[in-house]
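Enquirer: predicted structure and sequence below. I'll ask about it afterward.
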Amino acid sequence: MGKLDDVFSSGCWLDAMRSSSPPRKKLSMGYMEPALDGFDATYLAWMIKHPPALIFLDQIRKQAKNKKIAIFLDYDGTLSPIVNDPENALMSSEMRLAVKNVAKLFPTAIITGRSCDKVHRLVGLTELYYAGSHGMDIVCPVTHSNNDNHPSYVGQTNMQGKELKLFQPAREFLPMIDHVLQELIRNTKGIQGVAVENNKFCASVHYRNVDERNWFTVAQIVHETLKDYPLLRLTHGRKVLEIRPAVDWNKGKAVEFMLHSLDLCDSASVLPIYIGDDASDEDAFRFLRERKCGVGILVTSAPKETKASYSLNDPSEVMGFLKAIVNWEKMGGVR
Ligand SMILES: O=P(O)(O)OC[C@H]1O[C@H](O[C@H]2O[C@H](CO)[C@@H](O)[C@H](O)[C@H]2O)[C@H](O)[C@@H](O)[C@@H]1O
């Protein structure tokens, strides 16, 4: 059952839709200020559980001692700020350079809900690996790992002289996603502000620009449309309802898969760091926790239930963190 089904049955759909992308309440490094109001006290308690990665850099560096770091980055809300129009969610050139510098030193991948092609166009860097559609569309290097015989490999491609393989564990769902996408566009076209985005293996119904009084109608339409698609499921992102194949695959599985593909699956010698801001990133945080080796960092300006260990306030702090780990290498590495 999708999250929205839970929400419908418990009657608290509007709260879920409102809280899916809480308004920014920036609490900077000055969180130790004495005059704590109710909100700040809650945030402080949360911060103790999920300390700011920029302040606890040394602790993270200690975890990386004698290990190879692998970086996994979400895109929206992590590398680019959340904006009203998904087409305008652009990375700054300073952020692009920070990511490029990280990728020169450490294996680096972007794992996003967007389609692989779209995020590749937005990021514009060839030094990275990409996993689109919440990990259901992975472009990975050709290695001799155990993964190579997996039935979901769908062929090889060659970009910029690098041999790459495509891994698409929900490939057979493509016609169904196309179909539901067209239906969602038709069914929501009367509602001002709705945008239905094609993310290849997922369809995203954005309600950020819809009058709040019509949110329930949007949720109802999506819910009704999905009744004809029992093989699809619904999840909830930041002011977006996401329709995806009901397969046992998510960003956590994609991280695990990429670690294997990059020959980085030995937890004694590799420290994966995953940075993300959204509900779908929780699968990756959970995977790292269960693996007992890895650093999950949630990007948020408000306390949230999370499996991440650390926190960063916003994409500008993500950039600060990326620059800091590049500096570790310049200062002699983490050995
Ligand atoms: O996994 P991600 O890279 O975080 O992608 C998740 C979704 O992000 C995008 O939507 C979100 O960002 C938009 C631009 O800032 C914002 O307008 C929207 O409200 C957010 O939900 C993207 O458009 C979706 O397709 C992704 O699934």
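Expert: Done, it's in.
Enquirer: ok, L57 - contacts?
Expert: F321, A324 (CB atoms under 8 Å, 6 or more residues apart in numbering). Bear in mind the C-beta positions are built from the backbone N, C-alpha and C, glycine included.
Enquirer: distance of it relative to L79?
Expert: 19 Å (CB to CB, to the nearest Å).
Enquirer: and if you look at K189?
Expert: Computed as CB to CB, the K189 to L79 distance reads 31 Å.
Enquirer: burial count for the nearest residue to N198 once chain neighbours are set aside?
Expert: Among residues not flanking N198 along the chain, L181 sits closest, at 5.6 Å (CB to CB, 6 or more residues apart in numbering). By the measure other CB atoms under 10 Å, the count of residues near L181 is 20.
Enquirer: quick one: L181 and L241, what's the gap?
Expert: Counting by CB to CB, the gap from L181 to L241 is 13 Å.
Enquirer: go on, A170?
Expert: Distance from A170 to L241, by CB to CB: 18 Å.
Enquirer: more neighbours: which of those two?
Expert: It is L241, of A170 and L241, that has more neighbours when counted by other CB under 10 Å, with 26 against 23.
Enquirer: make sure that one is indeed in a strand.
Expert: Yes. Under DSSP: H, G, I helix; E, B strand; the rest coil, L241 falls within a strand.
Enquirer: beta partners for it?
Expert: Here L241 sits in beta bridges with V205, H236, as judged by DSSP bridges.
Enquirer: for it, which residues are in contact?
Expert: L241 makes contacts with L4, S204, V205, Y207, V218, A219, V222, L234, T235, as judged by CB under 8 Å, 6+ apart.
Enquirer: surely I60 and Y310 touch.
Expert: Yes. Counting by CB atoms under 8 Å, I60 touches Y310, with 7.1 Å between them.
Enquirer: shared neighbours of those two, anything?
Expert: Common neighbours of I60 and Y310 (CB under 8 Å, 6+ apart) are A53, V295.
Enquirer: returning to that earlier point: check the contacts of L241 and tell me the two furthest apart.
Expert: Using CB to CB, the pair of those lying farthest apart is V218 and T235, separated by 15.0 Å.
Enquirer: quick check: closest non-adjacent residue to A53.
Expert: In space, and not counting its chain neighbours, A53 is closest to Y310: 4.0 Å by CB to CB, 6+ apart.
Enquirer: for the one you found, give me phi and psi.
Expert: Per-residue torsions, Y310: phi -120, psi 170 (degrees, to the nearest 10).
Enquirer: wait, doesn't it sit right on G294?
Expert: No. Counting by CB under 8 Å, Y310 does not reach G294; the two are 11.3 Å apart.
Enquirer: quick one: M95 from R171, how far?
Expert: Relative to R171, M95 is positioned 32 Å away (criterion: CB to CB).
Enquirer: before we move on, the earlier item: of the contacts of L241, list those near the ligand.
Expert: The residues of the contacts of L241 that also fall near the ligand, by CB under 6 Å from any ligand atom, are S204.
Enquirer: and the contacts of L241, which are buried?
Expert: Neighbour counting by 16 or more other CB atoms under 10 Å classes L4, S204, V205, Y207, V218, A219, V222, L234, T235 among these as buried.
Enquirer: which positions in the chain make contact with the ligand?
Expert: 74-77, 82-84, 86, 89, 112-114, 197, 199, 204, 206, 208, 237-240, 242, 278, 280.
Enquirer: burial measure for whatever residue of the stretch 101-250 of the chain ends up closest to the ligand, as a count.
Expert: Here the stretch 101-250 of the chain gets closest to the ligand at one residue, G113, 2.6 Å apart by CB to the nearest ligand atom. Each residue near G113 was counted by other CB under 10 Å, and the total is 29.
Enquirer: before we move on, what about L232?
Expert: The local packing of L232 (other CB under 10 Å) involves 21 other residues.
Enquirer: for it, which non-adjacent residue is closest in space?
Expert: I243 (5.4 Å).
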